[in-house]
Each structure stands twice: as structure tokens, then as C-alpha cells.
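Colleague: One predicted model, sequence on top.
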Protein chains: 2
Amino acid sequence: MRTYLDCIPCFYRQALDAARIAGTDELIQKKIIDEISQLIPNFSLEATPPEMGRAIHSLVGKISGVKDPFKEIKENSNKFALKLYPKLKQEINNSEDRLLSAVKLSIIGNIIDYGAKNSLNVVEEIDYLFQGNFMINNENNSTTFKYNQFKESLNKTNTIIYLADNAGEVVFDKLLIEELVEELGKKVIYVVRGKPIINDALIEDAIFCGINRVAKITSNGSDAPGTIMKYCSPEFIELYQSAELIISKGQGNYETLSEEDRPIFFLLRAKCPVIAQDVGCKIGDMVLVGR
Amino acid sequence: MRTYLDCIPCFYRQALDAARIAGTDELIQKKIIDEISQLIPNFSLEATPPEMGRAIHSLVGKISGVKDPFKEIKENSNKFALKLYPKLKQEINNSEDRLLSAVKLSIIGNIIDYGAKNSLNVVEEIDYLFQGNFMINNENNSTTFKYNQFKESLNKTNTIIYLADNAGEVVFDKLLIEELVEELGKKVIYVVRGKPIINDALIEDAIFCGINRVAKITSNGSDAPGTIMKYCSPEFIELYQSAELIISKGQGNYETLSEEDRPIFFLLRAKCPVIAQDVGCKIGDMVLVGR
């Protein structure tokens, strides 16, 4: 997905948020804003938004001296989500269609994202979503829920490449991976970012949440808040290009891979108007799109 | 009021909105964004937000070639508000405290502002506010409603300088001015902007809405979306400096005059978190502050 002009105000907001989380004072924050302003005229709208996101957060790191400002937030997200795990697992155990429930929960897990929102009451939101008030309950009402097609693709697949998004959300991913591995007998390779970027999951988050007990964990080698091939490691690129089926979580991966001609299913919550328009849904919608 | 870093994303959003209303294509919009990016590093946070607003809209005018992109919106706002006038007048006629009702309506009129919001359902919002769900109903609950102090100041005053904000809102101003002139025997001088800027009222808007039948109309000579003295005419500055009492409408006038040591009462709706924090209220609050 290309960058839209509406992304630009949001770039500044994200930079401010990150600079504040890094504990900088207003003088440093202004310096960051000024440096971003110098990047904007040279930034092509043909690039994906995470390309600029990467540049912004690299700038925040360089100027603030804080290389992983979201570290504590990520740790708290992981702990918070792990506490929810038994309740979520029970939800799946009690459901008629285990895979569907796990897919839904994996998408719900995408609300744990401090990149697109300043704060949110996660517990309340999960409860609300659990009550069934979301579009993917009724496939017929939605052009953006391709569950049957997803199941068909799964049937033909042995190994799934699972592209992670945020810390915390990893626990929700684990529930879906458990279904894929333990119930359906698939192999899963779980791919996280290579270096700290916003609150995106790293290898340490995947291990902390116990992904290593059900899947192989690897990194894409990059520090972009998405999957931008030119910054990824040769090992990841090979894995990606030979993949039978890819599950891609979150906005950042969608923004960077939506135009790829690969067998990818995108699971995300549309958190901004630009993404919602690109997907063809409303803000807040829970989405499963792909081919 | 100084500029906060949170204003910067909003500057870009306003520029995009204005450029789109001016009918530009994305290439021109990007050019506008790029030129704003060059202004940002030289913009002092000590300046008020309307100082940047003025620069941005001047840039949009220069690059798009459209000098008054909000002209049609202003005309529609005026016509829309004039249709409401009989209902609003009846509201005042039926009220126990005519002046209080007129003050409240004047503040409600500040919702007709296309500068801070993309769109709004004005009728619905007025109806909602009429139902009494706003803080200024109960003076005791609010630190930001100084109605009694305002009345005392009025008692000691013959001539009031009334600083207008938006087109459309002018009709709501007229209701308050009618109370000041016809019920309380005051003289009112109604001050509009000197040149087109966003949807701010000009002399033509004031006349279209019939202000000339109850007050003298003049302009501040400036093209800022607020009252920035260095851009105002000497005639306005003299008027302002000798004023017994000033009624200032809207955010732009608040942002530019809030630190002035003059007898000013600010009537506005706090439409953004930065203003709300500066005033000491919540977003959406209806405010009467001043001295």
C-alpha cells in the first residue's frame, strides 16, 4: 500500500508519542519534529507508510538516545496478555468451530497496539468484541472475511509462515498457532522483527509468551514496522519466497505486503481511515483478507 | 496562547483539508505539504497557533490559486444559520434569563466551524446542546463559566467590541448583540477579519446575516485566523486598546488574545485537547472565561 497524504499528520503524531515515551523534553521533541520536516519533501508517496515509520523511529532513537523506548510497554503487554490466556483458551475450547474462534481472537489481539492509539482499555474492548458485535461473525455480511478460502488454503499447506505484529498480541497468535499445530498438524514458523521498532514483537517477546513451545521462531532481520523486503535478511527473504501460505498480522505488515503476489492472508483490525479505505471496510472492523 | 507540539500534526491536517476544499489534486497537495515542512523548523513555539494558520492558508492560496476556498461553505453556513434564527429567537423569548440564553446560544454557534472539524451534523448538535447537557447550565460546577462577572462588567460598560469568529456563527452572535443593544441599551462594534481566511466571517458575511441592523461593522484589517496585533490595521488597534469591554468569539481569538491584559471575555467551544488544557476544561466544553 502506498502512502497517502493523510498519513503525514499521523507520522508527526507517532513521532511525538514515541519521543514522549522515550522521556525527552520539549526541546528534543521539537528537534525531532524539525528533522522529520526535512525528510517529508524527499519522501515519495509511492513508498509504504512503514518506510517513513522506520525513518521516524530511527530518528527518535538517534536524537533521544533511547533505542527501545517501548521496552517496558512491550513487557507489560506480554504480561497482561498472558494473564488473559486461560480465559481465551477456554473460549476456544467451548466453541463449535475452534479454528474460527482462534482466528477471531488472533484478530482481536491486534487491538494491543500502542502505535496507532495513545491508550486503550484492552479488557473492555476484548469483552465487547467477545460479545459478538463484530462483522466477521457473519461472513455473508462482509466482503472482507475470507474464512472459507483461508481454510481451503490451509488444507493444501504443510508449513505456514506467520508474520507477527505487536508484543502482547503474540499471546493471541499463540492461540491460533496451537490450533494450526496441535489440532491440524501443521508446522508454523513465527517471524518477528529483527530490531526494536515501536511495540513490535521481537524474539524475546515470542519466547516470553511461549511461542517456542509450538513453533519455530525467527526474525526478518529488519527494523521496519512492517515487512519491507529490502531491509530484511536473505534468510527471511528465502523463507518468504518459498512459503506455501503466509499469515500476516496487523496494519504494518498489511501496508508493506498488500500488493505482493504471494499466498498471504492478512489478519488485522483497521485502525485508521486510510487502511480502512484501502481494505474496503470501516474503521474498527476486524478483517481477514487475502488469497 | 503559545503553540504546542501537538498543534503540528493538526497544521498539516488543516492544510490538507483546505487544499482539498480548494479543489487541488494530490500533486499540488504534496507541494503544499512540502512547503509547510520547510516552514516548521523556523516556526517558534512562542508564536500563537493562528500565526502558523495564517502562513499555511496563505501558502494554500498561493499554490492553489484559490484565494477564498471556503467561500461557498461560508455562504452555506450563513444561509443555514439564518434558517435557524426564528427558532433560536423563540428560545430566548421563552427563557427566564434572556441574556444567559443569548450567551449560551452564542457559544453554541461556535460549533459551526469547518476549521477544526471535517464535518458535523450541526442541527443534531444544536438540538443536543439545547437539551441542556452542557456545563454552563450550572455555574457552580464550572470554573470556566463567569456569567455573573460578565454581567457586572456589562453594567459598567457602554460600548462593547465584539470580535467575530466564523461565518454562520454570525447569526448566533446577532442574537446576543440584539440582547445587548435592544434589551440593555449598549452599543456594539462587530469586528470581522480583513481578508478571507478559512471560514472566518468577513464584512459581507456580517451584512448578509443582518448585523448592520443592530451594530456597527468593521474589520481588523488582517488575514489571520485570530487577532494578531501586528497584522491588524491601526484603526482596529486603536479601537481595541480603548475598549471598555471585549467579547471574543472562538478558538482563534482565544489563542491570540488569551494572554492580553485587557477586559476580555472569551466565548468558545473547546474543540481540541490543546485548547481544553489551556482553558482548564474538557474537549467539547462550552466556555465563558475572562476578566
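Modeller: Everything's here; your move.
Colleague: Next up, the contacts around residue A:258.
Modeller: Neighbouring residues of residue A:258 by C-beta atoms under 8 Å, 6 or more residues apart in numbering or on different chains: A:1, A:266, A:278. Every C-beta, even on glycine, is put in place using the N, C-alpha and C of the backbone.
Colleague: tell me the SS of the last one?
Modeller: Assigned state for residue A:278: helix (three-state reduction, DSSP: H, G, I helix; E, B strand; the rest coil).
Colleague: Skip the chain neighbours and tell me the closest residue to it.
Modeller: residue A:1 (5.2 Å; C-beta to C-beta, 6 or more residues apart in numbering or on different chains).
Colleague: Against residue A:250, how distant is that neighbour?
Modeller: 13 Å (C-beta to C-beta, to the nearest Å).
Colleague: got it, and residue A:276?
Modeller: 14 Å.
Colleague: And residue A:108, by the same measure?
Modeller: Distance from residue A:108 to residue A:250, by C-beta to C-beta: 12 Å.
Colleague: Among the two, which residue is more densely surrounded?
Modeller: Higher neighbour count among residue A:108 and residue A:250: residue A:250, with 27 against 23, using other C-beta atoms under 10 Å in any protein chain shown.
Colleague: next one: phi and psi at the more buried one?
Modeller: Dihedral pair for residue A:250: phi 90, psi 170, per degrees, to the nearest 10.
Colleague: so it touches residue A:109, yeah?
Modeller: No: contact status for residue A:250 versus residue A:109: not in contact, 9.3 Å apart, counting by C-beta atoms under 8 Å.
Colleague: For residue A:167, give me its contacts.
Modeller: Counting by C-beta under 8 Å, 6+ apart, residue A:167 has contacts A:70, A:73-75, A:77-78, A:112, A:199-202, A:205.
Colleague: Same list (the residues you listed) but as a markdown table, adding pLDDT, distance to residue B:13 and secondary structure.
Modeller: Formatted as a markdown table, those follow (pLDDT from 0 to 100; distance: C-beta to C-beta, whole Å; DSSP: H, G, I helix; E, B strand; the rest coil):
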| residue | pLDDT | distance to residue B:13 | secondary structure |
| --- | --- | --- | --- |
| A:70 | 95 | 25 | coil |
| A:73 | 91 | 26 | helix |
| A:74 | 94 | 29 | helix |
| A:75 | 93 | 33 | helix |
| A:77 | 89 | 29 | helix |
| A:78 | 92 | 34 | helix |
| A:112 | 65 | 27 | coil |
| A:199 | 95 | 24 | coil |
| A:200 | 97 | 26 | strand |
| A:201 | 97 | 31 | coil |
| A:202 | 98 | 33 | coil |
| A:205 | 98 | 33 | helix |
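Colleague: Can you pull the phi/psi pair for residue A:218?
Modeller: Residue torsions, per degrees, to the nearest 10, at residue A:218 are phi -140, psi 170.
Colleague: in the stretch 151-291 of chain A, which spans are strands?
Modeller: For the stretch 151-291 of chain A, the strands defined by DSSP state E, counting those that start in this stretch occupy A:159-163, A:187-192, A:216-219, A:245-249, A:264-269, A:286-290.
Colleague: The last one to strand A:245-249, inter-axis angle?
Modeller: Using axes from the mean of the first three to the mean of the last three C-alpha atoms, to 10 degrees, one finds that strand A:286-290 and strand A:245-249 are set 150 degrees apart in direction.
Colleague: Work out the gap between strand A:286-290 and the centre of the chain.
Modeller: Distance, stretch centre to chain centre, for strand A:286-290: 13 Å (C-alpha atoms, centre = their mean, to the nearest Å).
Colleague: Cool, thanks, talk later.
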